[in-house]
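Enquirer: please find the sequence and the predicted model below.
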Amino acid sequence: MTTPITPNPSRQPPPIPGRIAFEPLPAGSSPIAIIEALLKYPGRIIHELHHNWRAQLTGWLLLFALLGMAVYGLVVGSFSGAAQLWIAPVKLMLGTLFALLICLPSLYIFSCLAGIDARLRTVTGVLFATVALGALLLIGFAPVAWIFSQSTDSVAFMGALHLLLWAIGINFGLRLLQAMSFLLSGSRQSHHLKIWSAIFIVVCLQMTTTLRPIVGTSENFLPGEKKFFLAHWLETMKGTAPERN
């Protein structure tokens with residue numbers, strides 16, 4: 001007499017990487033584990049910043065953001081070489097830091113208006129995580145940007161390429177703000193945060209003009225005249241800008 005074989009119960013599929021699952025970070029997470037969580041399970045970062053805030057985690061996120069921009073700055077500086085190999089990374093780090101400090105107060109106010117119950121330290125950490133994620137994506141794009149930087153001498157094209165790659169990276173990063181809104185207020189779409197995101201992007205674009213040149217070269221470390229970023233882009237495309245970018 002044979003015993004009927006009972007089929008094994010089907011296993012639940014593993015969580016899809018990138019799905020926003022709000023759960024704690026594993027205890028004693030290393031910097032590498034934080035980066036992995038930022039890329040695969042960003043909900044863990046938001047959960048930790050809100051429920052188990054630690055200055056160390058916020059510090060790591062800021063460090064990742066600044067170092068990531070510095071690493072990508074090496075690729076930007078490789079277009080012109082020479083002094084731009086250190087000038088471009090420094091300017092991208094400073095520009096990123098200034099943009100964070102300038103836009104942080106308004107982000108906290110917009111978060112409150114959106115009904116998000118979060119402390120300033122939580123909002124600060126999520127902002128750092130937003131930029132850190134964008135910087136990590138830029139590092140992933142670095143080989144693509146380097147190939148073009150070594151095969152073309154068009155400042156306008158390289159500037160447009162870097163802006164496109166940055167826009168892709170920051171778009172993914174800004175999704176963390178919407179995830180924070182969903183976690184802390186239950187709202188999937190926050191018009192307040194969308195407005196703030198547009199303001200942040202404009203500030204970052206203006207910062208690239210304020211700290212010009214970044215892609216090209218100039219006799220001066222910083223420009224001597226004030227200029228709106230759209231006017232500067234138009235001059236660069238026409239080839240009439242006093243600096244190469």
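Expert: Looks like it arrived, so ask away. Numbering: from 1, shown residues only.

Enquirer: do you know how far the closest residue in space to Ala37 that isn't next to it in sequence is from Ile170?
Expert: Nearest residue to Ala37 in three dimensions, chain neighbours excluded: Arg44, at 4.7 Å (C-beta to C-beta, 6 or more residues apart in numbering). For the C-beta atoms, the positions are set from N, CA and C on the backbone; glycine is no exception. Arg44 sits 21 Å away from Ile170, going by C-beta to C-beta, to the nearest Å.

Enquirer: what strand or helix carries Gly169?
Expert: helix 155-185 (DSSP states H and E).

Enquirer: an error on my part: the question was meant for Phe221.
Expert: Counting by DSSP H and E, there is no helix or strand that carries Phe221.

Enquirer: ok, the nearest residue to Phe148 once chain neighbours are set aside - how many residues close by?
Expert: Nearest non-adjacent residue to Phe148, counting by C-beta to C-beta, 6+ apart: Leu161, 5.9 Å away. Using other C-beta atoms under 10 Å, Leu161 is surrounded by 18 other residues.

Enquirer: quick one: the helices in this protein, in order.
Expert: 31-40, 42-51, 55-77, 84-113, 120-149, 155-185, 191-210, 229-238 (DSSP state H).

Enquirer: list the buried residues of the longest one.
Expert: Of the residues in helix 155-185, those buried under the neighbour-count criterion (16 or more other C-beta atoms under 10 Å) are 155-156, 158-159, 161-163, 165-166, 169-170, 172-184.

Enquirer: what about Arg119, how many residues nearby?
Expert: 12.

Enquirer: before we move on, what about Thr209?
Expert: Thr209: 21 surrounding residues under other C-beta under 10 Å.

Enquirer: could you measure it against Val215, distance?
Expert: 12 Å.

Enquirer: you'd agree Arg212 is up against His232?
Expert: Yes - taking contacts as C-beta atoms under 8 Å, Arg212 lies within contact range of His232: 6.8 Å.

Enquirer: picking that back up, show me what the helix holding Gly169 is packed against.
Expert: Helix 155-185 sits against helix 42-51, helix 84-113, helix 120-149, helix 191-210, helix 229-238, with contacts defined as 3 or more C-beta pairs under 8 Å, 6 or more residues apart in numbering; DSSP states H and E.

Enquirer: try 7 Å
Expert: helix 42-51, helix 120-149, helix 191-210, helix 229-238 (3 or more C-beta pairs under 7 Å, 6 or more residues apart in numbering; DSSP states H and E).

Enquirer: quick one, the last one and helix 191-210 angle?
Expert: To tie it back to what came earlier, the one meant is helix 229-238. Relative orientation of helix 229-238 versus helix 191-210 (axes from the mean of the first three to the mean of the last three C-alpha atoms, to 10 degrees): 50 degrees.
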